[in-house]
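Peer 1: got a structure for you, letters missing:
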């Protein structure tokens, strides 16, 4: 049974920082690209950041570029999302996801975590 378990969410004031972690039980973790998505109330789930199998390539949605950093530790089977300069519009449930490819499209992601709530107060 594959599990992706997110942690690190919480309540933070605007301008603050949080670091999300996602621990994966994937046997071949290093062969999966990993992504972070988020879903705000009443909105569709959207891509936030992605990282290739090796960690050499990273991808971000425009609104988080320069503020968020995705990284991974293949030995620990963990992916991280460092979020700085948080804004109220970053408030959402954040989901970790794994993909055998490199599309970071919702319909092609193979595995999902249960999500962790991030709330940014103004």
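Peer 2: Everything's here; your move. Everything numeric in this text was worked out from a predicted model, so none of it was measured. Residues are numbered from 1 along each chain as shown.
Peer 1: contact partners of the worst-scoring helix or strand of the chain on mean pLDDT?
Peer 2: Ranked by mean pLDDT, DSSP states H and E, the weakest helix or strand in the chain is strand 111-112, scoring a mean of 95. Residues from elsewhere that reach strand 111-112 (Cβ atoms under 8 Å, 6 or more residues apart in numbering): 2, 4, 24, 26, 32, 95, 96, 97, 98. For glycine as for every other residue, the C-beta is placed from the backbone atoms N, C-alpha and C.
Peer 1: isn't residue 98 up against residue 31?
Peer 2: No. If you go by Cβ atoms under 8 Å, residue 98 and residue 31 don't touch, sitting 9.6 Å apart.
Peer 1: between those two, who's got more neighbours?
Peer 2: Neighbours were counted for residue 98 and for residue 31 using other Cβ atoms under 10 Å; residue 98 has more, 21 against 12.
Peer 1: part of a strand, is that one?
Peer 2: Yes. Residue 98: assigned to a strand according to DSSP: H, G, I helix; E, B strand; the rest coil.
Peer 1: would you mind measuring from it to residue 65?
Peer 2: 23 Å (Cβ to Cβ, to the nearest Å).
Peer 1: now the most centrally placed residue in the chain, which residues is it bridged with?
Peer 2: The chain has residue 36 as the residue nearest its centroid, 2.3 Å off, counting by Cα atoms, centre = their mean. Under DSSP bridges, the beta-bridge partners of residue 36 are residue 49, residue 96.
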